[in-house]
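In: I'd like to go over a predicted model; first the sequence, then the structure.
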Amino acid sequence: MKALGRVSQECIDLVKFYEGFEDRAYLCPAGVWTIGYGRTKKVQEGDILTEPQAERDLLEELDEFAKQVLNTVKIDLEQNELDALTSWTYNLGVGNLRSSTLLKKLNSGDKNSVPFEMKRWNKAAGKVLNGLTKRRKAEAELWVKV
């Protein structure tokens, strides 16, 4: 099914699972202040957040990221592809998407290379992280889901 421009519950659940909920700001492995379900925008040391606030923030941010993905990708995406790529981009940032080999291949019509390219992004601060390896595998599997 062609993507409708918003993420599905499957994307939301995947992001929530891999980000986990934190009610207090913390430094992630990449050294960025983070809170809630992986929010990094305007987060400072000492910030506190309730879970309902974090869920609202996540839905708002995933909508923003989905729009960024759709504005950056030049070919049509199926819903599962938008979900997978939005999760990936939420974790890694729009800048990384825009400069990636993944995007170059995708925009040339090579959807089959996306799972491999997604899995390459499993490091933080130059170190392979088990959690990122698992997340990239889940995103790659969602990409090819029929």
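Out: Nice, thanks for sending it over. What you are looking at is a predicted structure, and each value in this text was computed from that prediction instead of being measured.
In: report the longest strand in this protein, please.
Out: Determined from DSSP state E, the single longest strand within the chain is strand 22-27.
In: against which helices or strands is the helix or strand just after that one packed?
Out: Using DSSP states H and E, the next helix or strand after strand 22-27 towards the C-terminus is strand 33-36. Counting contacts by 3 or more CB pairs under 8 Å, 6 or more residues apart in numbering; DSSP states H and E, strand 33-36 is packed against strand 22-27, helix 51-72. No exception for glycine: its C-beta is placed from N, CA and C like everyone else's.
In: can you give me the buried ones in the longest one?
Out: Of the residues in helix 51-72, 54, 57-58, 61-62, 65-66, 68-70, 72 count as buried by neighbour count, 16 or more other CB atoms under 10 Å.
In: kindly report the same for stretch 38-52.
Out: Residues of stretch 38-52 classed as buried by neighbour count (16+ other CB under 10 Å): 38-40, 43, 47, 49.
In: what about it, distance to the chain center?
Out: Relative to its chain's centre, stretch 38-52 lies at 17 Å (CA atoms, centre = their mean, to the nearest Å).
In: show me what that stretch is in contact with.
Out: Contacts of stretch 38-52 with the rest of the structure, by CB atoms under 8 Å, 6 or more residues apart in numbering, involve 15, 19, 21, 23-25, 28, 32-36, 54, 57-58, 61, 90-91.
In: centroid residue for the protein?
Out: Centroid-nearest residue in the chain: residue 87, 2.4 Å away (criterion: CA atoms, centre = their mean).
In: state the pLDDT value of it.
Out: pLDDT recorded at residue 87 is 98.
In: any buried residues in the helix or strand encompassing it, and which?
Out: Assessed by DSSP H and E, residue 87 sits inside helix 79-92. Judged by neighbour count (16+ other CB under 10 Å), helix 79-92 contains these buried residues: 79-92.
In: between that helix and helix 51-72, how many degrees?
Out: 110 degrees (axes from the mean of the first three to the mean of the last three CA atoms, to 10 degrees).
In: on the C-terminal side of helix 79-92, identify the next helix or strand.
Out: Once helix 79-92 ends, the next helix or strand along the chain (criterion: DSSP H and E) is helix 94-99.
In: let me know the helix or strand that the residue lying farthest from the centre of the chain is in.
Out: Centroid-distance maximum for the chain: residue 46 at 24.7 Å, with CA atoms, centre = their mean. Per DSSP H and E: residue 46 is located in neither a helix nor a strand.
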